[in-house]
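Asker: Just to be clear, the model below is a prediction. Sequence and coordinates:
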Amino acid sequence: MVHLMGTEFSVVDRNWSLDKLWHQRLERASFESEHAGRHYHLVEPENRLVARQLDQDWENALQVEQQLKEEYERFSHKQPKQLTDEEKKQILQLSECIPTLWFTETTTHTQRKEIVRQVITSLTTFTKCSLIFSHKPSLTQRR
């Protein structure tokens, strides 16, 4: 069950990270539109060409902000906030099938590599011997 909880935490962490990135993008778009609005309001009315350009810039910034908000709404509706009980059950069932898949004679080395890529998120190895490059092109081990 530890693997299942780790998977659940991984999904929640990933969703939280993605949500944080979206909020940063939204904050940046809001800043840009407010900044463009301040520039527009500060321009002298006599400078019609400048005012027209600042007005276009402001409108563009507001459109970008609105589009980003709509994209975020679509994104947030697609993303599950937590795993359902059914999803937890499916993950647990899949984790029990991995050894069977691995040891089946029809499983190729390429497929086994893909299983490893999908299952292992990080790997740390420690060795008792250090590897040293010799003057020759080959690699030697020293214990």
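Answerer: Sure, I can see it. Quick caveat, the model's predicted, so the values are computed rather than measured.
Asker: ok, so what distance separates the most centrally placed residue in the chain from Y72?
Answerer: Geometric centre of the chain, nearest residue: L18, 5.7 Å, by C-alpha atoms, centre = their mean. Here L18 is placed at a distance of 10 Å from Y72 (C-beta to C-beta, to the nearest Å). For the C-beta atoms, the positions are set from N, CA and C on the backbone; glycine is no exception.
Asker: again with T84
Answerer: Distance, T84 to Y72, by C-beta to C-beta: 23 Å.
Asker: okay, and the helix or strand of the chain with the least pLDDT?
Answerer: strand 139-142 (a mean of 42; mean pLDDT, DSSP states H and E).
Asker: Could you pick out the longest helix of the protein?
Answerer: helix 2-42 (DSSP state H).
Asker: For the residue of the chain most remote from its centre, give me the backbone phi and psi.
Answerer: Taking C-alpha atoms, centre = their mean, the residue of the chain most remote from its mean C-alpha position is E46, at 48.3 Å. With angles defined as degrees, to the nearest 10, E46 sits at phi -70, psi -20.
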